[in-house]
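In: I'd like to go over a predicted model; first the sequence, then the structure.
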Amino acid sequence: MIHVKVSKQGNYAINTKKIKDTVRSVFVENGVDSPPIVSVALVGTETIKVLVDKYYDDHEKHLVLTFASDGKDYFGDIIVSYPDCVLEAKERNKLIEEVVLEYAKHGALHLIGIHHD
């Protein structure tokens, strides 16, 4: 079974169990059961900007980043910008939780190799 660890950089109002369940379901639905650990971090705007500047060549705004691991026990990291999800939720007239879960799912899909155009 996939173990999902969730950390929050701030006091973000989000149900971490729903994040764990959402990410875990992506792995289960796609037949992935190992490595057993994946982490999800909810971070601030500045943190995601620093990570984009350091690891991505495009320097565009990202709401979610993924970093795959090459280890046996650790699948990788999903990094979600919570404040940017709040803004997007407002723009799209959605609940913040819905947007955060969409991006957590999107990140999980990237970790298992499913990408978009």
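Out: Good, I have the coordinates. Since this is a predicted model, take the numbers as computed values, not measurements. Numbers count the residues shown, from 1 in each chain.

In: where along the protein do the helices fall?
Out: Assigned by DSSP state H, the helices in the chain fall at 16-29, 45-55, 82-92, 96-111.

In: Quick one, grab the pLDDT at the residue sitting furthest away from the middle of the chain.
Out: Distance from the centre of the chain peaks at residue 93, with 20.9 Å (CA atoms, centre = their mean). pLDDT recorded at residue 93 is 97.

In: Now do the same contact list for it.
Out: Contacts for residue 93 (CB atoms under 8 Å, 6 or more residues apart in numbering) come out as none. All C-beta atoms are positioned from the backbone trio N, CA, C, and that covers glycine.

In: circling back: tabulate the helices of the chain in TSV, adding columns for mean neighbour count and distance to residue 37.
Out: Formatted as TSV, the helices of the chain follow (neighbours: other CB atoms under 10 Å; distance: least, CB to CB, whole Å):
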stretch	mean neighbour count	distance to residue 37
helix 16-29	17	11
helix 45-55	14	20
helix 82-92	17	22
helix 96-111	21	12
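
In: Mind putting the ones you listed into a markdown table with distance to residue 8?
Out: Output for those, formatted as a markdown table (distance: least, CB to CB, whole Å):
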| stretch | distance to residue 8 |
| --- | --- |
| helix 16-29 | 8 |
| helix 45-55 | 12 |
| helix 82-92 | 8 |
| helix 96-111 | 11 |
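
In: number of nearby residues for residue 2?
Out: 19 (other CB atoms under 10 Å).

In: Let me see the contact set for the closest residue to it other than its chain neighbours.
Out: Nearest residue to residue 2, sequence neighbours excluded (CB to CB, 6 or more residues apart in numbering): residue 27, at 4.6 Å. By CB under 8 Å, 6+ apart, the residues touching residue 27 are 2, 33, 38, 108, 112.

In: 7 Å instead?
Out: By CB atoms under 7 Å, 6 or more residues apart in numbering, the contact list for residue 27 reads 2, 108, 112.

In: My understanding was that the last one contacts residue 32; is that so?
Out: Yes: if you go by CB atoms under 7 Å, residue 112 and residue 32 touch, sitting 5.3 Å apart.

In: Look up phi and psi at residue 62.
Out: phi -130, psi 140 (degrees, to the nearest 10).
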